[in-house]
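Engineer: I would like the atomic coordinates for the input below:
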Amino acid sequence: MKKLLLSIVCIAACNHAFACSDLLNTEMRILDSAQTQNLCEYDGKTLLVVNVASRCGYTYQYASLQKLYETYKENDFVVLGVPSRDFFQEYSNESDVAEFCSTEYGVDFPMFSTVKVRGKKAHPFYKKLKEESGVEPTWNFNKYLISKNGKVISTFKSGVKPDSKELISAIEKIL
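Structural biologist: This is a model prediction of the structure:
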């Protein structure tokens, strides 16, 4: 009986692993931590992936991103924040990034380690985002909207605010 149960658990786990899209099948380190997380954990959820920075003219968008997350998280919507120093506007110490996001904006959506988001040295996840969407971040707070089946649906430049009608409409359409 134990072997049968173990086999069923293994089959279910293996099927889930294969069901995850290639885009999401990526390991990322959690901000200010040694722990990693495979983005397949977000399979079946609508995602908004944003390359963020703490000292940018668009940093105020953290407040709207947090509100967006709080509004739609019950509908399997998640904001994923990915700090980057590609544009020289992020703290060099991840603990400073984590503290800033938490104390200044009350961010509690998932935040990942500081990575490169453009060019040859971009993190593998951002290389996949560029390959699938044809869009590479040109500045901080670039946004990728990803469907529940792990496909990039839309991209939004930095100037598109998280509480804009354009972005909210796109999110609501695929929830």
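
Engineer: I'd like the next helix or strand past the least confident helix or strand in the chain by mean pLDDT.
Structural biologist: Lowest by mean pLDDT, DSSP states H and E among the helices and strands of the chain is helix 2-19, with a mean of 49. Moving toward the C-terminus from helix 2-19, the next helix or strand (DSSP states H and E) is strand 27-29.

Engineer: mind listing what the helix or strand that comes right after that next one pairs with, with the direction of each?
Structural biologist: Note on strand 27-29: by DSSP H and E, the next helix or strand toward the C-terminus is strand 36-38. When pairing is defined by DSSP bridges, strand 36-38 lines up against strand 27-29 (antiparallel).

Engineer: so which bits of the strand it pairs with are buried?
Structural biologist: Across strand 27-29, burial judged by 16 or more other Cβ atoms under 10 Å covers 28-29. (Glycine included, C-beta is placed from N, CA and C.)

Engineer: quick check: the most centrally placed residue in the chain vs residue 120, distance?
Structural biologist: Residue closest to the average C-alpha location in the chain (Cα atoms, centre = their mean): residue 80, at 2.7 Å. Counting by Cβ to Cβ, to the nearest Å, the gap from residue 80 to residue 120 is 23 Å.
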